[in-house]
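>>> I need the structure of the sequence given here:
(2 chains)
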There are 2 protein chains.
Amino acid sequence: LDITGLVSLNEIEAAAQRIAPAVARTPLIAPPPSKNGRHAGRLLLKPENLQPVGSFKLRGAFSAISALPPAVREKGVVAYSSGNHAQGVAYAASRLGIPSWIVIDEAAPAVKIDATRSMGAQVVTAATDDRQPLAHAIAERQQATLIPPYDHPDVIAGQGTIGLEIMADCPDLATVVLPVSGGGLASGVAAAIKYSAPRVKVVIVEPELAADTIESLHRGRLVRWPTAHRRRTIAEGLVGQPSALTFAHLARFVDDAITVSEAQILDTIRWLALEAKLVAEPSGAVATAAYLHNQERIGCGTTVAILSGGNITPVCLQEVLQRPSV
Amino acid sequence: LDITGLVSLNEIEAAAQRIAPAVARTPLIAPPPSKNGRHAGRLLLKPENLQPVGSFKLRGAFSAISALPPAVREKGVVAYSSGNHAQGVAYAASRLGIPSWIVIDEAAPAVKIDATRSMGAQVVTAATDDRQPLAHAIAERQQATLIPPYDHPDVIAGQGTIGLEIMADCPDLATVVLPVSGGGLASGVAAAIKYSAPRVKVVIVEPELAADTIESLHRGRLVRWPTAHRRRTIAEGLVGQPSALTFAHLARFVDDAITVSEAQILDTIRWLALEAKLVAEPSGAVATAAYLHNQERIGCGTTVAILSGGNITPVCLQEVLQRPSV
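Numbering: from 1, shown residues only, chains lettered A, B, ... in the order given. The predicted structure is shown next:
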């Protein structure tokens, strides 16, 4: 942390060194020219769905776990999540040869539990409200370390490595568009970009139905939306809310914020599969959706949209493919 | 051509130089560990579905067109195809700023015709048997050059650039698995590999229902299967048959040949979408299918499977997603 409390460029560069052995160096992908001319500008995709766990979350998890002192690390790690963070922690722990305990909501679908277990984790199920205390209890009993999904500088620095890669691969970068939820990805990437290339515009995206962070940025303070309210969106990966730490990064580094509708998210999943040949989960499609529907606002030059993950259910992908072409 | 009539390593390296401005340098992608342990060895995917036209065909088309003398090239190019080769030629011509005429089967779906037209080509439709003579007539009238889909050294050299990239990105390469149809891809890649790394095994794959090339290799001479017979497979991109030129490359350079069933192809499209997050067309999935179902035969070490294209219809992808998980 630098004196302002924000993650520094040095920390992001150190995270890039640490994660290199386990994390895919994703390329930038140019989707084919769209027949309806929706992206007349230049769009490139950063396909984090191609990570071994299907999302960018591996970066932050591996960054945080690999930064632990060896004597601490070997005791193992704990996370509570039924989503991409859990799989990131489980896979990272398995790669580092240490135990992991993942506390998953007892209502989570069996496929998610199986997937996390197949990564080598010990899965414990609990009621939603019991997950956090149970995770803390396991950490204490096992002397293991709790790995938070976004509220930690090493996690933020790990996600920020995406920003370093984008800048290295795209010398004429004008804009980066990316989703925001807890804010780990947005904080890390925005910091990496602004420290090195302050003129590159950073645009965050939220579903209209879970736009608490955008409202918070407009008001200049964290605004909380009721959980049930945020859960209306199909982008279930984006119902998190920033912490004080991530909000400080967003307030400092973000240039613009765009919301997308549920229909825009679904149309974009379809477009990404059929045109870019990439499978996106709803949360993974919002940045591309924002680009496709706000090109004038985003402006000219080369835009990189981060496709943050691809862990969609077969049923959801099927339904998206049944939608009429737009 | 070297004295044996085969494409040389120099020609493939020259093609790599020519195509660099227009063709994506695709990465190698490690799919996530499979929960049912089907790929205990190390599998990497070469995702040619991420090319701007959704398939590897752009490489051969751009290689051949860019090798034409400028005075010849500016008159334009002609192709007859309703598939990926047509889109490759149309896109390459558009990138080089020259006209293109594509003769498409009048029975082709409107989306294919629209897609080719959107790449900047002039589309002419004709009955199946009239396509070739019409293409020759257009070439003569316009003084344009006919670009064949595989039976040309510059096309073969262009497809062979995939082999150079695989070797550069995978120092411990043991095996390359790839689909065969007309044989342009297999000839170019096998030549590139065997000239540089003769111990790397090259395995070609065909659907059981269109396995004319494998029968030809076993007999040591080209065997023709009736068109209607070959068209039984869902992998409509693999119904072509080698020419004398491509067969000579295959006979010289290929180590092994595997067939896959229709069910294996469909299961693998599903697996690629849900696990690797990559959309494959049936022809694009056969190499991965062969790997997943023949690991002992393929052997240990690192295998690269070429995912040759992703131009699947929404209906086909939907049907695949409805299949029970295997």
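
>>> how about the helices in the stretch 1-150 of chain A?
A:9-19, A:57-66, A:70-73, A:84-96, A:110-118, A:131-142 (DSSP state H, counting those that start in this stretch).

>>> nearest to chain B, of those helices?
helix A:110-118 (4.1 Å; Cβ to the nearest Cβ). Quick note: C-beta positions are derived from backbone N, CA and C, even for glycine.

>>> Establish whether that closest one and chain B are in contact.
Yes. Contact of helix A:110-118 with chain B (Cβ under 8 Å from any Cβ of the partner chain) involves A:Asp114, A:Ala115, A:Ser118.

>>> related to what we said a few turns ago, so which of the helices of the stretch 1-150 of chain A is the most packed in?
helix A:57-66 (a mean of 29; mean count of other Cβ atoms under 10 Å in any protein chain shown).

>>> relative to helix A:9-19, how tilted is that helix?
Helix A:57-66 runs at 90 degrees relative to helix A:9-19, counting by axes from the mean of the first three to the mean of the last three Cα atoms, to 10 degrees.

>>> which outside residues touch helix A:57-66?
With contacts defined as Cβ atoms under 8 Å, 6 or more residues apart in numbering or on different chains, helix A:57-66 is touched by A:15, A:18-19, A:22-23, A:51-52, A:73, A:77, A:79, A:83-85, A:87-89, A:91-93, A:95-96, A:98, A:145, A:147-150, A:152, A:154-159, A:161-162, A:184-185, A:188, A:309.

>>> Out of the helices of the stretch 1-150 of chain A, which is closest to B:Leu173?
helix A:84-96 (22.2 Å; Cβ to Cβ).

>>> Can you name every helix or strand that that closest one contacts?
helix A:57-66, strand A:77-80, strand A:100-105, helix A:110-118 (3 or more Cβ pairs under 8 Å, 6 or more residues apart in numbering or on different chains; DSSP states H and E).

>>> Can you get me the centre-to-centre distance for it and its chain?
15 Å (Cα atoms, centre = their mean, to the nearest Å).

>>> mind exporting that helix as CSV, just the C-alpha atoms?
What follows is helix A:84-96 as a C-alpha-only set of coordinates in CSV (Å, rounded to 0.1, in the frame of the first residue of the first chain):
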residue,chain,number,x,y,z
ASN,A,84,-15.7,-18.1,-9.1
HIS,A,85,-13.6,-16.9,-6.1
ALA,A,86,-14.1,-20.4,-4.4
GLN,A,87,-12.8,-22.1,-7.5
GLY,A,88,-9.9,-19.7,-7.8
VAL,A,89,-8.8,-20.3,-4.2
ALA,A,90,-9.3,-24.1,-4.5
TYR,A,91,-7.3,-24.3,-7.8
ALA,A,92,-4.5,-21.9,-6.5
ALA,A,93,-4.2,-24.0,-3.3
SER,A,94,-4.0,-27.2,-5.2
ARG,A,95,-1.3,-25.7,-7.5
LEU,A,96,0.7,-24.6,-4.4
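
>>> Looking at that helix now, give me its mean pLDDT.
The average pLDDT within helix A:84-96 is 94.

>>> How about stretch A:102-120?
85.

>>> what comes into contact with that stretch?
Under Cβ under 8 Å, 6+ apart, the answer for stretch A:102-120 is A:53, A:78-83, A:86-87, A:89-91, A:93-94, A:100, A:121-128, A:131, A:134-135, A:138, A:313, B:33, B:35.

>>> can you do 6 Å?
Contact with stretch A:102-120 is made by A:79-80, A:82, A:86-87, A:90-91, A:94, A:121, A:123-128, A:131, A:134-135, B:35, as judged by Cβ atoms under 6 Å, 6 or more residues apart in numbering or on different chains.

>>> where are the low-confidence patches of chain A?
Low-confidence regions of chain A, defined here as pLDDT under 70, cover residues A:1-3, A:33-40, A:325-326.

>>> Around chain B, which positions in it sit nearby?
Selection of chain A residues close to chain B by Cβ under 6 Å from any Cβ of the partner chain yields A:27, A:29, A:32, A:35, A:49-50, A:52, A:118, A:273, A:277, A:279, A:310, A:314, A:317-318, A:321.

>>> If any of the residues you listed are buried, put those into a PyMOL selection.
To isolate the buried members of the residues of chain A next to chain B in PyMOL, using 16 or more other Cβ atoms under 10 Å in any protein chain shown:
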select buried, chain A and resi 27+29+32+49+50+52+118+273+277+279+310+314+317+318+321
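
>>> and the two most separated of the residues of chain A next to chain B?
A:Lys35 and A:Ser118 (39.7 Å).

>>> What's the nearest residue in the stretch 151-300 of chain A when you look at chain B?
A:Lys277 (3.5 Å).

>>> The closest residue to that residue other than its chain neighbours and B:Arg231: what is the separation?
Of all residues beyond its chain neighbours, the one nearest A:Lys277 is B:Gly310 (3.5 Å), with distances taken as Cβ to Cβ, 6 or more residues apart in numbering or on different chains. Distance of B:Gly310 to B:Arg231, computed by Cβ to Cβ, to the nearest Å: 21 Å.

>>> how long is stretch A:300-316 end to end?
Stretch A:300-316 has an end-to-end distance of 33 Å (criterion: Cα to Cα, to the nearest Å).

>>> in the stretch 201-326 of chain A, which spans are helices?
A:212-219, A:227-230, A:244-253, A:262-271, A:282-293, A:295-298, A:314-322.

>>> about what we covered before: could the residues of helix A:110-118 next to chain B be laid out in CSV, adding distance to B:Phe253?
Formatted as CSV, the residues of helix A:110-118 next to chain B follow (distance: Cβ to Cβ, whole Å):
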residue, distance to B:Phe253
A:Asp114, 42
A:Ala115, 40
A:Ser118, 38
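
>>> Can you verify my assumption that the residue of the stretch 151-300 of chain A closest to chain B contacts B:Val279?
Yes. Between A:Lys277 and B:Val279 there is a contact under Cβ atoms under 6 Å: 4.2 Å.

>>> Give the residues shared as contacts by those two.
Joint contacts of A:Lys277 and B:Val279 (Cβ under 6 Å, 6+ apart) are B:Gly310.

>>> Between the two ends of stretch A:241-261, how far is it?
19 Å.

>>> Can you tell me the closest non-neighbouring residue to A:Ala305?
A:Ala287 (4.1 Å).

>>> scratch that, A:Ala135
A:Tyr80 (4.1 Å).

>>> cool, and A:Asp172?
A:Thr302 (5.2 Å).

>>> Who is that neighbour paired with across the strands?
Counting by DSSP bridges, A:Thr302 is bridged to A:Arg42, A:Leu173.

>>> Please apply the same query to A:Gly309.
The partner residues for A:Gly309, given DSSP bridges, come to A:Ser55.

>>> show me what contacts it?
A:Asn49, A:Gly54, A:Ser55, A:Asn84, A:Glu281, A:Gly284.

>>> and the fourth one, what does it touch?
Contact partners of A:Asn84, counting by Cβ under 6 Å, 6+ apart, are A:Ser55, A:Lys57, A:Gly309.

>>> And for A:Leu278, nearest residue in space, chain neighbours not counted?
A:Leu272 (5.1 Å).

>>> surely the one you found meets A:Ala280?
Yes. Here A:Leu272 reaches A:Ala280: they are 4.8 Å apart, a contact under Cβ under 6 Å.

>>> Same drill for these two, tell me which one is more crowded.
Comparing A:Leu272 with A:Ala280 by other Cβ atoms under 10 Å in any protein chain shown, the one with more neighbours is A:Ala280, at 32 against 28.

>>> neighbours around A:Leu68, how many?
A:Leu68: 17 neighbours (other Cβ under 10 Å).
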